[in-house]
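K.L.:
Quick one: sequence and predicted model below, then my questions.
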Amino acid sequence: MTISAIILAAGESKRMGQPKMLLKWEKTTVLEHVISVFANAWVEDIVVVTGAARDEVEKIVADAQASSPVRSVFNENFSTGEMLSSIQCGLRELAGKGSKAALIALGDQPQVREGSVRRVCEMFKETGSPLVVPSYHMRRGHPWLAERSLWDEVLAMRAPQTPRDFLNSHADQINYVEVDDEGILADLDTPEQYQAYKFTSGG
């Protein structure tokens, strides 16, 4: 049962002031670390949605292909389409493939642990639930999983609709997985957040 991951890495990083995906994290970059987390969590198919800093981000993806099952797809609407357009771009890339479900992941969440990714995947395989969402202290985070039967609904959404609207509309179908991982909630938006998380994580 193939589960794919869509890593959203198209943002313009306006609040950070420089491309977040390229920032140093441990011995590599934020994005390469995120890719490795999913690869080490046994995700067999990883799609990175690119946009801003396309050349640099796609080079990271190309370099990661030596050790990870990863490829990239470019979101032409990255500057105007918000997160929804990148998710849709990733789902269109997967549409002709054999994936049963897609993990929706953030490229600026290097704090997420491999175990949390595995827990979400395992819950889907065990229950067949169409939506699996990780939760930390009753707060939902990323990566969340959508079964293939829901993809057309996401693809049909239009701004100002958001991924949050989609999840809220399916609240009664969500299977929550409680994880001891605050990283599912925290992304890197500002230089202050980057320095704080980098310090606390050892990154």
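P.N.:
The structure has been received and is ready for your questions.

K.L.:
Now do the contacts for the residue nearest the centre of the chain.
P.N.:
Nearest residue to the geometric centre of the chain (Cα atoms, centre = their mean): Ala105, 1.1 Å. Shown in contact with Ala105 (Cβ atoms under 8 Å, 6 or more residues apart in numbering): Ala5, Ile6, Ile7, Leu8, Val34, Phe38, Val112, His142, Pro143. Backbone N, C-alpha and C define where each C-beta goes, glycine included.

K.L.:
and if we set it to 7 Å?
P.N.:
By Cβ atoms under 7 Å, 6 or more residues apart in numbering, the residues touching Ala105 are Ala5, Ile6, Ile7, Leu8, Val34, Phe38, His142, Pro143.

K.L.:
Give me the buried positions along stretch 179-190.
P.N.:
For stretch 179-190, burial by neighbour count (16 or more other Cβ atoms under 10 Å) applies to Val179, Asp181, Glu182, Gly183, Ile184, Leu185, Ala186, Asp187, Leu188.

K.L.:
can you redo those as JSON lines with pLDDT and distance to Thr127?
P.N.:
Output for these, formatted as JSON lines (pLDDT from 0 to 100; distance: Cβ to Cβ, whole Å):
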{"residue": "Val179", "pLDDT": "97", "distance to Thr127": "16"}
{"residue": "Asp181", "pLDDT": "96", "distance to Thr127": "20"}
{"residue": "Glu182", "pLDDT": "95", "distance to Thr127": "25"}
{"residue": "Gly183", "pLDDT": "94", "distance to Thr127": "24"}
{"residue": "Ile184", "pLDDT": "96", "distance to Thr127": "19"}
{"residue": "Leu185", "pLDDT": "95", "distance to Thr127": "23"}
{"residue": "Ala186", "pLDDT": "86", "distance to Thr127": "27"}
{"residue": "Asp187", "pLDDT": "83", "distance to Thr127": "27"}
{"residue": "Leu188", "pLDDT": "88", "distance to Thr127": "32"}
